[in-house]
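Asker: Test case, fold it:
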Amino acid sequence: MMLTVVAAFRAVLQTVRDMGTEMLPFEAVTGRVLREPVKADRPFPPFDRVTMDGIAILYDSYARGQQIFGVEDIQAAGTPRLQLSSTANCIEVMTGAILPELTDTVIPYEQLKISDHEGFRRFTISGEVKQGQNVHRKGSDVEAGVVLLQPGTLLGPAEAGVLASVGKTQVEVARLPRVVVIATGNELVPVDATPEEHQVRISNIYSLMASLEQCGISAQYIHLSDDETEMISRLESLLPETDVWISSGAVSAGKYDYLPAVLQQLGMQQVFHKVQQRPGKPFLFGTFKNGPVVFALPGNPVSGFMCFYRYVQPWLKAAMGAKEAAPVYAVLQEQVTFNPSLEYYLPVKLQSLPDGTMGAFPQPYHGSGDLASLLLADAFMTLPVEGSVFEKGSCYPVWIFR
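Answerer: Reported below is the predicted structural model:
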């Protein structure tokens, strides 16, 4: 029975399993998924922080008409807090410094005129002053104890700064799944080989491994020939060591497409074999009890590539506890006709339009074997099974790979 895309995707996500966690130094967690809440250990900012170079005064003195302030000291960033001894004076302050006691307002140098009187430095205010200006108040961003990062957050550059700021030296993150990518076929030769007329270089698995790298996952790979006995032997040895198998090829109805039967002999429970989509119709998915999940992708390069972003990547992210991403939509920029009763994944180039929308421009495409077509595209646009003519200006979901 051939499943709809919605049913197939639901079936895939129902098999998501927790990969567990590990503790890593905060410098090593970029690209990983957080699995614990991270709280502010003190307020943000932790003190009343000066935001411009200038002088700090007590606003009440200015409000009473005082324009000239003598300098008592300098408060530099990183030095202990000073105290103004006379509210008729000021303290010079540098950006990032703690605001001196008995002051509440900072006036930048650009609004000051400097003079000396009997060796005593004075500043005359030349611009309008508002009480509290140029002071970043303690705790105005975040109070101590507030959760800054929730479990499921994908850790990036901004999160790295927060982890460092709160002193989080060891971070609990999702363990990366152990993935093996499997190439199949006697026609495949190594990348550095010169193929015979009837051969091709191995390429699909390198696209898949690069896609996995985008998820922060380094995978091992193997090449299986079209030999049932070899397939059984080599795959059986991988069962106790891996969480995910992603294969390319040998899943259609050809006489040498042994993989579905081999997987079932090894104990895989098949969830589905065909999906109502193009490309990627002969997509096989199954699970081993206490073993890996299996994404057996079609051998045509565009088919396997699309299935990775539509099914495999969401499964991996969910297994690592990442928050579900919101759908992305784009506006079709030319009319497209597609007649078969299948959900169509159209290679498109994305471009931001002047009206603020995202435009999707269909690219030249000669079917699921046209690997070069992916060089011109950024995403696959989903055109629904209902209908055959998709008008320019209509809006549909896109699955971005670039």
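Asker: So this structure: which segments form each domain?
Answerer: Structural domains of the chain, as assigned by automatic domain parsing, span the residue ranges 2-19+176-319, 21-44+140-174, 49-136, 328-400.
Asker: most neighbours per residue, which of those domains?
Answerer: With neighbours defined by mean count of other C-beta atoms under 10 Å, none of the domains of the chain is more surrounded on average than domain 2-19+176-319, at a mean of 18. From N, CA and C alone the C-beta is placed, and that goes for glycine too.
Asker: Can you give me the end-to-end span of it?
Answerer: Between the opening and closing residues of domain 2-19+176-319 we find a distance of 26 Å, counting by C-alpha to C-alpha, to the nearest Å.
Asker: avg pLDDT for it?
Answerer: Domain 2-19+176-319 shows a mean pLDDT of 92 in the predicted model.
Asker: what about that domain, distance to the chain center?
Answerer: If you compare the mean C-alpha spot of domain 2-19+176-319 with that of the full chain, they lie 23 Å apart, counting by C-alpha atoms, centre = their mean, to the nearest Å.
Asker: Kindly provide the distance from S115 to D53.
Answerer: Shown here: S115 relative to D53, a distance of 18 Å by C-beta to C-beta, to the nearest Å.
Asker: Can you tell me the closest non-neighbouring residue to P195?
Answerer: Residue nearest to P195 in three dimensions, not counting chain neighbours: V189, with 5.3 Å by C-beta to C-beta, 6 or more residues apart in numbering.
Asker: For K113, list the residues it contacts.
Answerer: Going by C-beta atoms under 8 Å, 6 or more residues apart in numbering, K113 touches 123-124, 126.
Asker: An error on my part: the question was meant for P100.
Answerer: Under the criterion of C-beta under 8 Å, 6+ apart, the neighbours of P100 are 56, 73, 75, 81-84, 91, 93.
Asker: thinking again about what came up before, now do the contacts for the residue nearest to P195.
Answerer: By C-beta under 8 Å, 6+ apart, V189 lies in contact with 195-196, 199-202.
Asker: if we can go back for a sec, out of the contacts of P100, name the two that are farthest from one another.
Answerer: For the contacts of P100, the farthest-apart pair by C-beta to C-beta is Q83 and V93; their separation is 13.0 Å.
Asker: any idea of the mean pLDDT in stretch 357-368?
Answerer: Across stretch 357-368, pLDDT averages out at 92.
Asker: Quick one: end-to-end distance for that stretch.
Answerer: Stretch 357-368 has its terminal residues 29 Å apart, counting by C-alpha to C-alpha.
Asker: Could you give the separation of that stretch from the chain centroid?
Answerer: Taking C-alpha atoms, centre = their mean, one finds the center of stretch 357-368 at 24 Å from the center of the full chain.
Asker: which outside residues touch that stretch?
Answerer: Counting by C-beta under 8 Å, 6+ apart, the neighbours of stretch 357-368 from elsewhere in the structure are 278-280, 298, 300-303, 328-334, 336, 346-353, 373, 376-377, 379, 381, 396, 398.
Asker: Which parts of the chain are helices?
Answerer: Taking DSSP state H, the helices of the chain run over residues 5-13, 59-63, 157-165, 204-214, 228-238, 259-265, 301-307, 313-319.
Asker: so can I have JSON lines of the ones you listed showing distance to L148?
Answerer: Output for the helices of the chain, formatted as JSON lines (distance: least, C-beta to C-beta, whole Å):
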{"stretch": "helix 5-13", "distance to L148": "29"}
{"stretch": "helix 59-63", "distance to L148": "32"}
{"stretch": "helix 157-165", "distance to L148": "5"}
{"stretch": "helix 204-214", "distance to L148": "26"}
{"stretch": "helix 228-238", "distance to L148": "40"}
{"stretch": "helix 259-265", "distance to L148": "44"}
{"stretch": "helix 301-307", "distance to L148": "36"}
{"stretch": "helix 313-319", "distance to L148": "21"}
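Asker: List the beta-bridge partners for the residue nearest to V398 when sequence neighbours are not counted.
Answerer: Computed as C-beta to C-beta, 6+ apart, the closest residue to V398 that is not its neighbour in sequence is A379, at 4.2 Å. With DSSP bridges as the criterion, the beta-bridge partners of A379 are V348, I400.
Asker: so A379 touches L346, yeah?
Answerer: No - using C-beta atoms under 8 Å, A379 and L346 do not qualify as a contacting pair, with a distance of 9.2 Å.
Asker: Could you report the separation of the residue nearest the centre of the chain from R35?
Answerer: Within the chain, the residue whose C-alpha comes closest to the C-alpha centroid is L154; the distance, by C-alpha atoms, centre = their mean, is 5.9 Å. Distance of L154 to R35, computed by C-beta to C-beta: 12 Å.
Asker: same question, C215
Answerer: Shown here: C215 relative to R35, a distance of 16 Å by C-beta to C-beta.
Asker: out of the contacts of stretch 357-368, which are inside strands?
Answerer: Secondary structure from DSSP state E places 278, 328-332, 336, 346-352, 379, 381, 396, 398 of the contacts of stretch 357-368 in strands.
Asker: per-residue confidence for the residue nearest to Q66 when sequence neighbours are not counted?
Answerer: Nearest non-adjacent residue to Q66, counting by C-beta to C-beta, 6+ apart: A88, 6.8 Å away. A88 is assigned a pLDDT of 95 by the prediction.
Asker: Ok, A325 next?
Answerer: In the predicted model, A325 carries a pLDDT score of 88.
Asker: List the residues that contact it.
Answerer: By C-beta under 8 Å, 6+ apart, the residues touching A325 are 314, 317.
Asker: For it, give its distance to A160.
Answerer: For A325, the distance to A160 equals 21 Å [C-beta to C-beta].
Asker: With S303 instead?
Answerer: S303 sits 37 Å away from A160, going by C-beta to C-beta.
Asker: go on, Q170?
Answerer: To A160, Q170 is 14 Å away according to C-beta to C-beta.
Asker: No further queries at this time; thank you.
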